[in-house]
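got a sequence here, can you build the structure:
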Amino acid sequence: MSTSCLINHTHSPTQESSWTSSEHLPLSNTLLGILKDSVTYKTALGFDKGDVGSVPTGGKKVVNIYHEIVCKMFINVPGSKYTKDDLEELKDII
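Predicted coordinates for the structure are as follows:
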């Protein structure tokens, strides 16, 4: 895990969320953008990767992919309330 995930803010994440509610639309759009831009993520999470041939994952496990996505969505964001300590809980909402 890169040290870029280290932001010293605290917040207790909630695991219950409806990705379809208008309140969460920006997060849904962010997640879809992250997935759209990564053939590796699409492949690892079972989405159609398109016609790109073989996709190396670098040996990453799905849980590591979840951690990377969580960092991009919640931790490596200016003003984030979340820290690397929230990774395990946050990955469950992706």
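
who are the packing partners of the lowest-mean-pLDDT helix or strand in the chain?
Least confident helix or strand of the chain, by mean pLDDT, DSSP states H and E, is helix 87-91 with a mean of 77. For helix 87-91, the elements it packs on are helix 62-70, judged by 3 or more C-beta pairs under 8 Å, 6 or more residues apart in numbering; DSSP states H and E. In short, each C-beta sits where N, CA and C put it, glycine included.

so what does the helix it packs on touch, helix or strand wise?
helix 25-36, helix 39-44, helix 87-91.

and the residue nearest the centre of the protein?
Nearest to the mean C-alpha position of the chain, by C-alpha atoms, centre = their mean, lies Ile69 at 2.0 Å.

ok, it - contacts?
In this structure, Ile69 makes contact with Leu31, Ile34, Leu35, Tyr41, Lys91, Ile94, judged by C-beta atoms under 8 Å, 6 or more residues apart in numbering.
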